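[1] Can you look at this prediction? I've put the sequence above it.
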Amino acid sequence: MKILSGIEVTEISWCDVNLTVLSWENDGRDLILKWNLHNKQKGVLKCLWASSINISLKTVKNEGGLPLTFDANFQQQTQGWDVIFNFGSRGTIEFMCNELMLETENS
């Protein structure tokens with residue numbers, strides 16, 4: 001298992017990865033996003049003290065499957081991060097958080 005934090009999280013490729021799970025931990029304080037990353041890796045992105053969360057994902061009739069990212073934007077702020085995951089025509093997930101931690105492992 002490898003653990004990345006902060007700027008290291010922003011340096012990996014977030015294009016064409018599948019979101020598999022979205023959940024909350026620590027009484028709803030932390031947003032957890034699980035991913036199928038590149039090269040058969042699984043990733044768990046922990047967004048600590050997440051706020052201003054806007055989840056807007058949709059599918060059209062007879063469309064299913066895991067949401068696939070088009071890109072992601074991470075902007076470091078004085079006290080944390082502004083994050084936007086873009087899923088193309090399916091929508092976005094946007095939030096602010098104090099810290100980013102990504103745990104990766106090969107499947």
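    Noted; the coordinates are in hand.
[2] The nearest residue to His38 once chain neighbours are set aside - how many residues pack around it?
    Using Cβ to Cβ, 6 or more residues apart in numbering and skipping the chain neighbours, the partner closest in space to His38 is Ser13 (6.1 Å). Where C-beta positions appear, they are placed from N, C-alpha and C, glycine not excepted. When neighbours are counted by other Cβ atoms under 10 Å, Ser13 registers 11.
[3] Look up how far Glu99 lies from Tyr32.
    If you look again at residue 32, you'll see it is Ile, not Tyr. 13 Å (Cβ to Cβ, to the nearest Å).
[4] Now do the shared contacts for these two.
    Cys47 (Cβ atoms under 8 Å, 6 or more residues apart in numbering).
[5] In a strand, the residue nearest to His38, correct?
    No. Counting by DSSP: H, G, I helix; E, B strand; the rest coil, Ser13 is not found in a strand; it is coil.
[6] How far does stretch 6-17 sit from its chain's centre?
    Distance of stretch 6-17 from the chain centroid (Cα atoms, centre = their mean, to the nearest Å) equals 9 Å.
[7] which one is the residue nearest to the spatial centre of the chain nearest to, not counting chain neighbours?
    Centroid-nearest residue in the chain, with Cα atoms, centre = their mean: Leu33, separated by 5.0 Å. Closest residue to Leu33 in three dimensions, ignoring its sequence neighbours and counting by Cβ to Cβ, 6+ apart: Leu45, at 4.5 Å.
[8] Please spell out which residues along the strand or helix carrying Ile55 are buried.
    Using DSSP states H and E, Ile55 falls within strand 51-57. Buried residues in strand 51-57, counted by 16 or more other Cβ atoms under 10 Å: Ile53.
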